[in-house]
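In: could you work out the structure for the sequence below:
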Amino acid sequence: MVKVQRLVVGPLMTNCYIVSDEDARKCAVIDPGGEGAKILETVQENGFAIEYIICTHGHLDHIYEAGFIQRRSGAPVVIGEKDRPLLEDPGWMAALMDTSGMVKVDECLVVKEGDAIDIGSMRLEVLETPGHTPGSISLYYPGGSAAEGSGARSLRALFSGDLIFRLSVGRTDFPGGDMDILLRSIRSKVLSLPDETVIYPGHNQTTTVGKERTENPFLA
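Out: Okay, here's the model as predicted:
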(Lines give C-alpha, C1' and ligand atoms only; values in the text may rest on other atoms or scores of the structure.)
Protein backbone atom coordinates (compact mmCIF):
# COMPACT_ATOMS: atom_id res chain seq x y z
CA MET A 1 0.00 0.00 0.00
CA VAL A 2 1.24 3.46 -0.92
CA LYS A 3 1.32 6.12 1.78
CA VAL A 4 1.81 9.87 1.34
CA GLN A 5 2.93 11.99 4.30
CA ARG A 6 3.35 15.75 4.05
CA LEU A 7 5.76 17.74 6.21
CA VAL A 8 5.85 21.53 5.92
CA VAL A 9 9.50 22.51 6.33
CA GLY A 10 11.86 25.45 6.19
CA PRO A 11 11.36 29.23 6.17
CA LEU A 12 9.41 29.16 2.89
CA MET A 13 6.95 26.52 4.13
CA THR A 14 7.88 23.90 1.55
CA ASN A 15 5.89 20.69 1.26
CA CYS A 16 8.23 17.76 1.75
CA TYR A 17 6.58 14.44 0.92
CA ILE A 18 7.50 11.03 2.27
CA VAL A 19 6.07 8.60 -0.27
CA SER A 20 6.26 4.98 0.76
CA ASP A 21 5.42 1.41 -0.04
CA GLU A 22 4.23 0.37 3.40
CA ASP A 23 4.49 -3.35 2.67
CA ALA A 24 8.11 -3.08 1.54
CA ARG A 25 8.91 -0.46 4.24
CA LYS A 26 10.69 1.65 1.61
CA CYS A 27 10.21 5.33 0.80
CA ALA A 28 11.32 8.30 -1.22
CA VAL A 29 11.76 11.76 0.26
CA ILE A 30 10.55 14.42 -2.18
CA ASP A 31 11.77 18.03 -1.83
CA PRO A 32 13.65 18.09 1.50
CA GLY A 33 13.76 21.88 1.70
CA GLY A 34 14.54 22.23 5.40
CA GLU A 35 14.43 20.62 8.85
CA GLY A 36 16.32 17.52 7.84
CA ALA A 37 16.28 16.07 11.35
CA LYS A 38 12.48 16.32 11.41
CA ILE A 39 12.24 14.54 8.07
CA LEU A 40 14.53 11.73 9.21
CA GLU A 41 12.67 11.38 12.49
CA THR A 42 9.40 10.87 10.63
CA VAL A 43 10.99 8.29 8.34
CA GLN A 44 12.46 6.44 11.32
CA GLU A 45 9.20 6.52 13.28
CA ASN A 46 7.56 4.70 10.39
CA GLY A 47 10.38 2.20 10.07
CA PHE A 48 11.10 3.09 6.45
CA ALA A 49 14.35 2.82 4.51
CA ILE A 50 14.98 5.77 2.18
CA GLU A 51 15.54 4.58 -1.38
CA TYR A 52 15.75 7.98 -3.09
CA ILE A 53 15.88 11.68 -2.26
CA ILE A 54 14.06 13.42 -5.11
CA CYS A 55 14.24 17.14 -5.86
CA THR A 56 11.56 18.38 -8.25
CA HIS A 57 13.82 21.36 -9.04
CA GLY A 58 16.97 23.03 -7.82
CA HIS A 59 15.73 25.96 -5.75
CA LEU A 60 17.14 26.03 -2.23
CA ASP A 61 13.79 25.59 -0.53
CA HIS A 62 13.50 22.20 -2.27
CA ILE A 63 17.09 20.90 -2.02
CA TYR A 64 18.44 22.38 1.21
CA GLU A 65 18.61 19.16 3.25
CA ALA A 66 19.25 16.74 0.38
CA GLY A 67 22.94 16.35 1.23
CA PHE A 68 22.27 15.97 4.95
CA ILE A 69 19.67 13.26 4.42
CA GLN A 70 21.94 11.55 1.91
CA ARG A 71 24.79 11.49 4.42
CA ARG A 72 22.54 9.88 7.03
CA SER A 73 20.73 7.43 4.74
CA GLY A 74 23.15 6.68 1.90
CA ALA A 75 20.36 7.22 -0.64
CA PRO A 76 21.09 8.89 -4.00
CA VAL A 77 19.74 12.34 -4.82
CA VAL A 78 17.60 12.56 -7.97
CA ILE A 79 17.10 15.74 -10.02
CA GLY A 80 16.41 16.89 -13.58
CA GLU A 81 19.47 17.36 -15.77
CA LYS A 82 19.20 21.12 -16.31
CA ASP A 83 18.84 21.80 -12.58
CA ARG A 84 21.73 19.58 -11.50
CA PRO A 85 24.23 22.50 -11.46
CA LEU A 86 22.19 24.12 -8.66
CA LEU A 87 23.18 21.26 -6.36
CA GLU A 88 26.77 22.36 -6.79
CA ASP A 89 26.27 26.13 -6.73
CA PRO A 90 22.97 27.75 -5.69
CA GLY A 91 24.13 31.00 -7.33
CA TRP A 92 21.72 33.90 -6.87
CA MET A 93 19.72 31.99 -4.25
CA ALA A 94 22.56 32.25 -1.73
CA ALA A 95 21.55 35.88 -1.25
CA LEU A 96 18.09 34.75 -0.12
CA MET A 97 18.94 31.84 2.19
CA ASP A 98 21.94 31.06 4.37
CA THR A 99 23.74 28.13 2.74
CA SER A 100 26.45 27.74 5.38
CA GLY A 101 24.66 24.79 6.98
CA MET A 102 24.16 22.81 3.79
CA VAL A 103 25.84 19.44 3.30
CA LYS A 104 27.27 18.78 -0.16
CA VAL A 105 25.46 16.19 -2.25
CA ASP A 106 27.69 13.26 -3.23
CA GLU A 107 25.87 10.76 -5.44
CA CYS A 108 23.40 12.34 -7.88
CA LEU A 109 21.16 10.64 -10.44
CA VAL A 110 19.91 12.73 -13.36
CA VAL A 111 16.49 11.79 -14.75
CA LYS A 112 14.58 12.70 -17.89
CA GLU A 113 11.16 12.28 -19.47
CA GLY A 114 10.11 8.65 -19.55
CA ASP A 115 12.35 7.49 -16.71
CA ALA A 116 10.81 5.71 -13.74
CA ILE A 117 11.73 5.59 -10.08
CA ASP A 118 10.81 2.38 -8.23
CA ILE A 119 10.19 2.35 -4.48
CA GLY A 120 9.23 -1.18 -3.55
CA SER A 121 6.30 -2.07 -5.81
CA MET A 122 5.45 1.60 -6.40
CA ARG A 123 6.62 3.25 -9.62
CA LEU A 124 6.88 7.02 -10.06
CA GLU A 125 6.99 8.17 -13.68
CA VAL A 126 9.23 11.15 -14.43
CA LEU A 127 7.70 14.02 -16.41
CA GLU A 128 9.82 16.93 -17.60
CA THR A 129 7.84 20.05 -16.68
CA PRO A 130 10.04 23.14 -17.21
CA GLY A 131 8.92 26.72 -16.74
CA HIS A 132 9.49 27.44 -13.06
CA THR A 133 13.07 26.32 -13.67
CA PRO A 134 14.57 24.83 -16.84
CA GLY A 135 15.08 21.42 -15.22
CA SER A 136 11.86 21.05 -13.22
CA ILE A 137 10.36 17.58 -13.09
CA SER A 138 7.08 16.20 -11.82
CA LEU A 139 6.43 12.67 -10.60
CA TYR A 140 3.31 10.76 -11.60
CA TYR A 141 1.92 7.75 -9.76
CA PRO A 142 -0.70 6.21 -12.05
CA GLY A 143 -2.71 4.47 -9.39
CA GLY A 144 -3.07 1.78 -6.80
CA SER A 145 -4.18 1.20 -3.22
CA ALA A 146 -3.14 4.07 -0.98
CA ALA A 147 -3.35 5.36 2.57
CA GLU A 148 -3.35 9.07 3.31
CA GLY A 149 -4.37 10.01 6.81
CA SER A 150 -6.97 7.37 7.70
CA GLY A 151 -8.51 4.78 5.43
CA ALA A 152 -7.36 3.19 2.22
CA ARG A 153 -8.40 4.32 -1.25
CA SER A 154 -7.33 4.21 -4.85
CA LEU A 155 -4.91 7.01 -5.69
CA ARG A 156 -3.56 8.67 -8.78
CA ALA A 157 -1.03 11.29 -7.76
CA LEU A 158 1.17 13.97 -9.25
CA PHE A 159 4.01 15.51 -7.23
CA SER A 160 4.34 18.77 -9.12
CA GLY A 161 6.94 20.80 -7.27
CA ASP A 162 6.36 24.48 -8.05
CA LEU A 163 4.75 23.92 -11.44
CA ILE A 164 1.12 24.30 -10.37
CA PHE A 165 -0.65 25.14 -7.13
CA ARG A 166 -4.24 25.12 -5.95
CA LEU A 167 -5.91 27.67 -8.29
CA SER A 168 -2.52 29.15 -9.16
CA VAL A 169 0.73 28.40 -10.97
CA GLY A 170 4.42 28.64 -10.18
CA ARG A 171 6.21 31.95 -10.41
CA THR A 172 8.52 32.60 -13.34
CA ASP A 173 10.26 35.83 -12.34
CA PHE A 174 13.36 34.00 -11.04
CA PRO A 175 16.34 33.35 -13.35
CA GLY A 176 15.46 30.55 -15.77
CA GLY A 177 11.71 31.00 -15.38
CA ASP A 178 9.43 31.27 -18.41
CA MET A 179 5.65 31.62 -18.15
CA ASP A 180 4.91 30.45 -21.69
CA ILE A 181 6.93 27.29 -21.14
CA LEU A 182 5.35 26.73 -17.71
CA LEU A 183 1.80 26.98 -19.08
CA ARG A 184 2.77 24.65 -21.92
CA SER A 185 4.07 22.14 -19.36
CA ILE A 186 0.84 22.31 -17.40
CA ARG A 187 -1.39 21.91 -20.43
CA SER A 188 0.60 19.06 -21.97
CA LYS A 189 1.68 17.14 -18.87
CA VAL A 190 -0.87 17.93 -16.14
CA LEU A 191 -4.18 18.51 -17.91
CA SER A 192 -3.62 15.33 -19.92
CA LEU A 193 -3.98 13.30 -16.70
CA PRO A 194 -7.30 11.97 -15.33
CA ASP A 195 -9.41 14.52 -13.45
CA GLU A 196 -9.26 12.52 -10.22
CA THR A 197 -5.45 12.75 -10.07
CA VAL A 198 -4.44 14.38 -6.78
CA ILE A 199 -1.84 17.12 -7.21
CA TYR A 200 0.66 17.36 -4.37
CA PRO A 201 2.32 20.77 -4.92
CA GLY A 202 5.53 22.21 -3.52
CA HIS A 203 3.63 24.70 -1.35
CA ASN A 204 0.12 25.07 0.07
CA GLN A 205 -2.70 22.53 -0.13
CA THR A 206 -3.44 19.63 -2.43
CA THR A 207 -5.80 19.92 -5.36
CA THR A 208 -6.92 17.78 -8.31
CA VAL A 209 -6.42 17.91 -12.04
CA GLY A 210 -10.16 18.29 -12.52
CA LYS A 211 -10.39 21.27 -10.20
CA GLU A 212 -7.50 23.04 -11.89
CA ARG A 213 -8.85 22.26 -15.36
CA THR A 214 -12.15 24.01 -14.60
CA GLU A 215 -11.29 26.62 -11.95
CA ASN A 216 -7.66 27.73 -12.29
CA PRO A 217 -7.78 31.33 -13.62
CA PHE A 218 -4.29 31.03 -15.14
CA LEU A 219 -5.50 28.20 -17.39
CA ALA A 220 -8.67 29.86 -18.66
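
In: for the lengthiest helix in the chain, packing partners?
Out: When the chain is parsed with DSSP state H, its longest helix is helix 36-46. Here helix 36-46 touches strand 2-9, strand 14-21, strand 26-30, helix 66-73, going by 3 or more C-beta pairs under 8 Å, 6 or more residues apart in numbering; DSSP states H and E. To be clear about C-beta, it is placed using only N, CA and C from the backbone, and glycine gets the same treatment.

In: flag the shaky bits of this structure, pLDDT-wise.
Out: Applying pLDDT under 70 to the chain flags the ranges 145-153.

In: all the helices of it, residue numbers only.
Out: Under DSSP H, the chain gives helices at 36-46, 60-63, 66-73, 85-88, 179-185, 209-215.

In: give me the angle between the third one and strand 14-21.
Out: Computed with axes from the mean of the first three to the mean of the last three C-alpha atoms, to 10 degrees, the direction of helix 66-73 lies at 30 degrees from that of strand 14-21.

In: for Ser20, what are its contacts?
Out: Contact analysis of Ser20 by C-beta atoms under 8 Å, 6 or more residues apart in numbering lists Val2, Lys3, Gln5, Lys26, Cys27, Ala28, Asn46, Phe48, Ile119, Gly120, Met122.

In: close enough to count as contact, the second one and Glu22?
Out: Looking back up the chat, that one is Lys3. Yes - under the criterion of C-beta atoms under 8 Å, Lys3 makes contact with Glu22 at 5.2 Å.

In: deepest in the core, which of the helices of the chain is it.
Out: helix 60-63 (a mean of 25; mean count of other C-beta atoms under 10 Å).

In: which residues sit against it?
Out: Applying C-beta under 8 Å, 6+ apart, the set of residues contacting helix 60-63 from outside is 10-12, 14, 31-34, 55-56, 79, 86-87, 90, 93-94, 96-97, 99, 105, 161-162, 202.

In: out of those residues, which are inside strands?
Out: Counting by DSSP state E, the part of the contacts of helix 60-63 found in strands is Thr14, Ile79, Gly161.

In: can you tell me how far the residue lying closest to the second one once chain neighbours are set aside is from His203?
Out: Residue nearest to Ile79 in three dimensions, not counting chain neighbours: Cys55, with 4.6 Å by C-beta to C-beta, 6 or more residues apart in numbering. Applying C-beta to C-beta, to the nearest Å, one obtains 15 Å for the distance of Cys55 from His203.

In: kindly report the same for Ile119.
Out: 23 Å.

In: these two - which one has more neighbours?
Out: Set Ile119 next to His203 and count neighbours by other C-beta atoms under 10 Å: Ile119 wins out with 22 against 19.

In: ok, Val29 to Gln205 distance?
Out: Relative to Gln205, and taking C-beta to C-beta, Val29 is found at 20 Å.
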